[in-house]
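Asker: Would you be able to build a 3D model of this:
(chains A and B)
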There are 2 protein chains.
Amino acid sequence: MPAGATVGLENAGAAGPWLLVCEHASNAFPDPWGDLGLSPEAQEAHIAWDPGALPVARGLAQALDAPLVAGSVSRLIYDLNRPPHVPGAMTERSEVWDIPGNRNLTPAARLARTEAVYLPFHAAVSAQVAGALAQGRHPVLATIHSFTPTWHGRPRSVELGIIHDADPALALAVVEAARRLTGLRVALNDPYSAADGVTHSLRLHATPYGLPNVMIEIRNDLIATPETQAEMAAKLARVLDEALAAIHPREGVA
Amino acid sequence: MPAGATVGLENAGAAGPWLLVCEHASNAFPDPWGDLGLSPEAQEAHIAWDPGALPVARGLAQALDAPLVAGSVSRLIYDLNRPPHVPGAMTERSEVWDIPGNRNLTPAARLARTEAVYLPFHAAVSAQVAGALAQGRHPVLATIHSFTPTWHGRPRSVELGIIHDADPALALAVVEAARRLTGLRVALNDPYSAADGVTHSLRLHATPYGLPNVMIEIRNDLIATPETQAEMAAKLARVLDEALAAIHPREGVA
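Answerer: Numbers count the residues shown, from 1 in each chain, chains lettered A, B, ... in the order given. Reported below is the predicted structural model:
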């Protein structure tokens, strides 16, 4: 395993209030896992990563002066937003695709992926959180995702999904600001919610420290080009700024 | 910072259901921090560590076939059961003692201790938890502490304190088993409770994964010699075994 192959830390010294995480940034299939027997089409599909999420997260990191921790292997090798014991962490099937290289993984293989991918990624997020706290800053966590416009043949009308875990305060403020500032169809806890097991990163890194947190899901057809990715990042940066100002008046910077 | 100086991982390959953590195992004051200006008496006192906790934890690790992650510097350098932003993480005062070397720590000094002590310790615990989960085991977390029989001049009558965080199931079972199997004066959430901020390790490592968890506090005058430490470990091993059997009948091994 090449050092750092599974963690991309960008903007490490940034001093803004946000900490950005993008677990499904990459559709890379590096050794020792390789392509898991997937077709080139499957490797490009939304099952392998969140298309468009990384460029949007990078735009946000720039606009908000925020550190960004991003995965750098496909979620089919290890889904960084899942704990190691759930089937979805190294899934055998995703939507309509089988994942041959994930069939009947041994405990040793699951352990090896957990140690190579999951642990270093979350250690990098922990280091950002603990480092900020040690220096007197209270980071605000946002995880950046995209979702497919069609799921099992059914179109999804929601364009921006805002998901919370135990503490809904920031998510509610983001929904309010997004409805006010964007023309997007915004939904709370849609197309997923914490009940679907998608808030693992929030539970690991924000809840134990009482930090405000939110998961953001963008429909991927809206962020398919560099231009629309940049536009979405600019829009969301304003939304996040105003949402933070609404819940923490003194931390929101105009 | 010598590699591994702040984490003691013992019994790493153990296959039993328990994972033991002993944050306040050590009263070592290594470089680069040194003795923080403390008298030899203060360095030996309960403010520097949990006297007796490590030998009891080691006895439990043996009896329960459990891995044990133990701190290896004084809690006055960094209290591993506290997040980096609270004053108690690198406290300026403890009970009746001032800690000269912790006065007016700069953000850089707080960051350095966090990176050298807090992050590697909790990474080691995370690795135990995630590694077990990856292999299909669901570890049960117990943190082992001791407390002083006299606090600000007032004697404490409780002998064994059992503390829970959000999920009380295991703690209640431990209280029940301890009252049944030992002659000790057992109390729930005494001399501390989650409201005192003492359940950080449980919140970091058990709650996000839904793992049963409990914090155990032993009055330190009861575990002051190798003999009483071994006796206490044997007693508590039986208590923990029975408590686990009570909440998870299939995992409890007679």
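Asker: Every contact and neighbour count from this point should use C-alpha atoms.
Answerer: Noted.
Asker: of all the residues in the stretch 1-150 of chain A, which ones are close to chain B?
Answerer: Within reach of chain B by CA under 8 Å from any CA of the partner chain, the stretch 1-150 of chain A has these residues: A:83-85, A:107-108, A:110-111, A:114-115, A:119, A:123, A:126-127, A:130-131, A:133-136.
Asker: from those residues, which would you call buried?
Answerer: A:83-85, A:110-111, A:114-115, A:119, A:123, A:126-127, A:130-131, A:133-135 (16 or more other CA atoms under 10 Å in any protein chain shown).
Asker: Show me which pair in those residues is furthest apart.
Answerer: Taking CA to CA, the two most distant members of these are A:110 and A:135; they sit 36.1 Å apart.
Asker: Residue ranges in the stretch 101-250 of chain A under the pLDDT threshold?
Answerer: Where the stretch 101-250 of chain A drops to pLDDT under 70, the residues are A:249-250.
Asker: Helices along that one, start to end?
Answerer: A:107-113, A:119-134, A:169-181, A:200-205, A:226-247 (DSSP state H, counting those that start in this stretch).
Asker: Check the separation of the first and last residues in stretch A:177-196.
Answerer: 25 Å (CA to CA, to the nearest Å).
Asker: Next, see if that stretch gets close to chain B.
Answerer: No. Stretch A:177-196 lies apart from chain B when judged by CA under 8 Å from any CA; the minimum separation is 12.2 Å.
Asker: That stretch: which residues count as buried?
Answerer: A:177-179, A:186-194.
Asker: go on, stretch A:229-246?
Answerer: A:229-246.
Asker: Next: stretch A:32-49.
Answerer: In stretch A:32-49, counting by 16+ other CA under 10 Å, buried: A:35-36, A:38, A:42-44, A:46-49.
Asker: Could you export those residues as TSV, including secondary structure?
Answerer: Converted to TSV, the buried residues of stretch A:32-49 look like this (DSSP: H, G, I helix; E, B strand; the rest coil):
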residue	secondary structure
A:35	coil
A:36	coil
A:38	coil
A:42	helix
A:43	helix
A:44	helix
A:46	coil
A:47	coil
A:48	coil
A:49	coil
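Asker: what's the closest of those to chain B?
Answerer: residue A:36 (18.8 Å; CA to the nearest CA).
Asker: correct me, but the closest one touches residue A:103?
Answerer: No. Under the criterion of CA atoms under 8 Å, residue A:36 makes no contact with residue A:103, lying 9.5 Å away.
Asker: partner residues bridging residue A:19?
Answerer: residue A:141 (DSSP bridges).
Asker: quick one: it from chain B, how far?
Answerer: Distance from residue A:19 to chain B, counting by CA to the nearest CA, to the nearest Å: 16 Å.
Asker: Ok, residue A:98 next?
Answerer: Noted for residue A:98: a distance of 21 Å to chain B, by CA to the nearest CA.
Asker: Contact partners for that residue?
Answerer: By CA atoms under 8 Å, 6 or more residues apart in numbering or on different chains, the residues touching residue A:98 are residue A:92.
Asker: Ramachandran coordinates for it?
Answerer: phi -90, psi 150 (degrees, to the nearest 10).
Asker: Let me see the contact set for residue A:131.
Answerer: Here residue A:131 is in contact with B:84, B:111, B:114-115 (CA under 8 Å, 6+ apart).
Asker: And for residue A:225?
Answerer: residue A:52.
Asker: Next one: it from chain B, what distance?
Answerer: Residue A:225 is 36 Å from chain B, by CA to the nearest CA.
Asker: what do you get for residue A:164?
Answerer: Distance from residue A:164 to chain B, by CA to the nearest CA: 15 Å.
Asker: ok, that residue - how many residues close by?
Answerer: By the measure other CA atoms under 10 Å in any protein chain shown, the count of residues near residue A:164 is 23.
Asker: Please apply the same query to the one 10 residues further on.
Answerer: Burial measure for residue A:174: 27 neighbouring residues, criterion other CA under 10 Å.
Asker: check contacts around the closest residue to it other than its chain neighbours.
Answerer: Distances taken as CA to CA, 6 or more residues apart in numbering or on different chains place residue A:243 nearest to residue A:174, at 5.0 Å, with adjacent residues excluded. Contacts for residue A:243 (CA under 8 Å, 6+ apart) come out as A:170, A:173-174, A:176-177.
Asker: would you list the residues you listed in TSV and tack on distance to residue B:16?
Answerer: Converted to TSV, the contacts of residue A:243 look like this (distance: CA to CA, whole Å):
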residue	distance to residue B:16
A:170	40
A:173	45
A:174	45
A:176	49
A:177	50
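Asker: tell me which of those residues is nearest to residue A:145?
Answerer: Nearest to residue A:145 among the contacts of residue A:243, with distances taken as CA to CA, is residue A:174, at 15.0 Å.
Asker: which residues does the closest one contact?
Answerer: If you count contacts by CA under 8 Å, 6+ apart, then residue A:174 has A:162, A:239-240, A:242-243 around it.
Asker: Over to residue A:169?
Answerer: Contacts for residue A:169 (CA under 8 Å, 6+ apart) come out as A:212, A:247.
Asker: Look up how far chain B lies from it.
Answerer: 19 Å.
Asker: what do you get for residue A:171?
Answerer: Taking CA to the nearest CA, one finds residue A:171 at 19 Å from chain B.
Asker: Any idea how many residues pack against that residue?
Answerer: For residue A:171, using other CA under 10 Å, the count is 26.
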